[in-house]
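Undergrad: let me see the structure of the following:
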Amino acid sequence: QVQLVESGGGLVQAGGSLRLSCAASGRTFGNYVVGWFRQAPGKEREFVAAIGWNGSNLRYADAVKGRFTISRDNAKNTVHLQMNSLKPEDTAVYYCAADSKRTMVIVRTDREYDYWGQGTQVTVSS
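TA: Modelled structure (predicted):
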């Protein structure tokens, strides 16, 4: 089992930055694809970004491309999401998730991810 804990959320003005972190405990997730998803009030959960096991394969949703950067440190069992130029429409609960079935190929479907954190709130004011 892998336990995931997100941190780094908060309230920020439009144009500002936040860095989310996802820390894993229990079994290491160094061999898994790890992704970030978000869910805004009244909307379905959506894919944000994901990273392959060695950091060489990255995928981003079009809405965040060029503004968000995902990275990982397998030695520390952590994954980060650097969010710059934040917009009010980025407001959501952000979830970290791990796909234990894949090491490099990234899928954007949340049901393919089998470990989830509890989420961290990101609120961007206009």
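Undergrad: what are the bridge partners for the residue nearest in space to the middle of the chain, then?
TA: Residue closest to the average C-alpha location in the chain (Cα atoms, centre = their mean): Trp36, at 2.2 Å. Applying DSSP bridges to Trp36 yields these beta-bridge partners: Ala49, Cys96.
Undergrad: identify the residues contacting Leu20.
TA: For Leu20, the contact set (Cβ atoms under 8 Å, 6 or more residues apart in numbering) comprises Glu6, Ser7, Gly8, Gly9, Trp36, His80, Leu81, Met83, Tyr94, Cys96, Thr120, Val122. All C-beta atoms are positioned from the backbone trio N, CA, C, and that covers glycine.
Undergrad: thinking the fourth one is in contact with Gln121, fair?
TA: Same thing as Gly9. Yes - Gly9 is within contact range of Gln121, at 4.8 Å (criterion: Cβ atoms under 8 Å).
Undergrad: more neighbours: those two, which one.
TA: Neighbours of Gly9 and Gln121, each counted by other Cβ atoms under 10 Å, are more numerous for Gly9; the result is 19 against 12.
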